[in-house]
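Chemist: Provided below for reference: sequence and predicted model.
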Amino acid sequence: MNQIKNLSLVLLCIDYRFWPQALPILKEKYGDFDLIEIAGSSKNLTSPLEEEDKITLLENIGLSIKLHHPHKLILTNHTDCGAYGGSKRFKSQSEEIEFHKDELKKAKLIISKKFPSLSIETELFTLNGDKVQLV
């Protein structure tokens, strides 16, 4: 199998409003990547519904590392994520954005403990009507 130089690994939410626009943005910014798509994205690391969800996600990250040797993991979250209770859970968009930034920091710490040699970046997307944007 050919190795792709500078391959990344992206963790993305399954939300249909989000991923069709997010994928090209991520591709432009990071190039080629393996993709793990799961409801709630990094929530499965910080506050999984079941501990098995976290274990499965970590196993998938490990498998990508073993098979394709990504140099970087990009953790993503987005506003109005149903797995977190949606935007209605927050008093304001700024409160929601800060919450997701904190969640991504927690997820990054969990991953860096498990895979210390993996470079990790975080990205937060907003959903404004039909438009997806990086924060």
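Modeler: The structure has been received and is ready for your questions.
Chemist: Other residues contacting the biggest helix by length in the chain?
Modeler: Secondary structure of the chain read by DSSP state H shows that its longest helix is helix 93-114. Around helix 93-114, the neighbours that count as contacts under C-beta atoms under 8 Å, 6 or more residues apart in numbering are 42-43, 45-46, 58, 61-62, 73, 75-81, 84, 87, 89-90, 118, 120, 122, 124, 126, 135. Where C-beta positions appear, they are placed from N, C-alpha and C, glycine not excepted.
Chemist: What residues sit buried inside it?
Modeler: Neighbour-count burial for helix 93-114 flags E96, I97, H100, E103, L104, K106, A107, K108, I110, I111 (criterion: 16 or more other C-beta atoms under 10 Å).
Chemist: Mind jotting down where the strands sit in this structure?
Modeler: Assigned strands in the chain, in chain order: 8-12, 33-37, 72-78, 119-128, 131-134 (criterion: DSSP state E).
Chemist: P24: which of the ones you listed is closest?
Modeler: Shortest separation from P24 across the strands of the chain is recorded for strand 131-134, at 9.7 Å, computed as C-beta to C-beta.
Chemist: Strand partners (parallel or antiparallel) of that closest one?
Modeler: With DSSP bridges as the test, strand 131-134 is paired with strand 119-128 (antiparallel).
Chemist: if we can go back for a sec, in TSV: the buried residues of helix 93-114, plus pLDDT.
Modeler: Compiled in TSV, the buried residues of helix 93-114 are given as follows (pLDDT from 0 to 100):
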residue	pLDDT
E96	97
I97	97
H100	97
E103	97
L104	98
K106	98
A107	98
K108	98
I110	97
I111	97
